[in-house]
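[1] what follows is a predicted protein model with its sequence.
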Amino acid sequence: MAYEVHQSAFKTLNSIRIPRVMPVVGWILLVAMLIVGAALATVPWVQTASGFGTVTALNPNDRLQEINALVSGRIQEWYVQDGSRVQVGDPIVRIIDNDPRLVERLEAERSQVQAKLEADRTAAEIAEIDMRRMQRLHSEGLAARREYEQARIRLEELRARLAESSAQLSRMDVRLSQQSIQLVRAPRDGVIQQVFAGAAATFVTAGQVVATFVPDDAARAIELFIDGRDVALVQPGAPVRLQFEGWPVIQVSGWPSVAVGTFSGEVVAVDPSADASGRFRVLVSEDPEAAQTWPDKAYVRFGAKARGWVLLETVTAGYEIWRQLNNFPPNLPGLGASGT
């Protein structure tokens, strides 16, 4: 009522009119909202569980290996350097003992043990013959029982001495064998990645890592680390889309069919426990039925970074936005968007 009374006093306000374009803009916004709502309610979206990882080998024997010194000693000669390509059986490093005549002395000591073993064997054979003779005489009443028992005790003592000499000879053979294995060789075809030990005259102990080795023809796999919220939904055999480091890609996680530059994979295994950061490791191998294979090893090498999207259920785009805003996990397989 007050506005009507004073309306004649506000001439400028009365002259203002709503622009003609505003109703058009309002209708455009209304139609756009209806279209977006309909799209969110009907457009399909593939749910994914994503994670980052690295390229590794599926078989543990194909991963980076350590080459250890077989015996303690001094490095005499290196046959390789960083980046050298080797074949199975090729020499890598020669290690010698600090005593250059150790092998000769061990062989001489073995000869003495061998002679002692032969003497003990002969003594045991003679003692056995003597024991049998005393047994026969005792049974005929020509020898006392005490003499027969002493012959048996003597035989057992010589047999124990013979067994000890045999064990000592075996230990000498093992020691000689260890000292003779002073030339470390390549276990299979591959590349020497890094040499750790120093130059000649460097002392190393048995079991010490002297170099690292990468085998050839290793089957690649991806170690993805998935958040604990989604890992329960990742099952072996699930399809995966992969993006490799340095490889051009256009990725839309909800529409894998329109992605460019991604590669197919398949979940092989899921770790039952998390790492120190609370993430779970998922092993992904190359899909053998995929039309496009992974990039050559010259472009995607072991240790390279990768990102993966494990494909789960197909829901509407609106439901996926709602799920992301509420930080809910994806649907359990087979339950759909309304599953609990």
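    Nice, I can see it. Numbering: from 1, shown residues only.
[2] ramachandran coordinates for Gln243?
    phi -120, psi 120 (degrees, to the nearest 10).
[3] repeat for the one 5 residues further on
    According to degrees, to the nearest 10, the main-chain angles of Pro248 amount to phi -60, psi 140.
[4] what of the one 5 residues further on?
    Summarising the backbone geometry of Ser253 under the convention degrees, to the nearest 10, its torsions are phi -60, psi -30.
[5] do the same with the one 4 residues further on
    The main-chain torsion angles of Ser257 are listed as degrees, to the nearest 10 and equal phi -70, psi -20.
[6] hmm, Leu117 and Ser166 touching each other?
    Yes. Using C-beta atoms under 8 Å, Ser166 is in contact with Leu117, at 6.1 Å. Placement of C-beta: from N, CA and C, glycine included.
[7] more crowded one of the two?
    Taking neighbours as other C-beta atoms under 10 Å, Ser166 and Leu117 compare with Leu117 leading, 18 against 14.
[8] okay, and that one sits in which element?
    Using DSSP states H and E, Leu117 maps to helix 102-139.
[9] same question, Arg146
    Using DSSP H and E, Arg146 falls in helix 145-180.
[10] and that helix, what does it pack against?
    Applying 3 or more C-beta pairs under 8 Å, 6 or more residues apart in numbering; DSSP states H and E, one finds that helix 145-180 makes contact with helix 102-139.
[11] buried ones in the helix it packs on, by neighbour count?
    103, 106, 110, 113, 116-117, 120-121, 123-124, 127-128, 131, 134, 138 (16 or more other C-beta atoms under 10 Å).
[12] follow-up on the earlier one: gap between the helix holding Arg146 and the chain center?
    Chain-centre distance of helix 145-180: 47 Å, with C-alpha atoms, centre = their mean, to the nearest Å.
[13] and what of stretch 137-145?
    73 Å.
[14] from Arg17, how far out is the spatially most central residue of the chain?
    Geometric centre of the chain, nearest residue: Pro60, 5.3 Å, by C-alpha atoms, centre = their mean. Here the criterion is C-beta to C-beta, to the nearest Å. By it, Pro60 lies 79 Å from Arg17.
[15] before we move on, what about Asp82?
    Relative to Arg17, and taking C-beta to C-beta, Asp82 is found at 82 Å.
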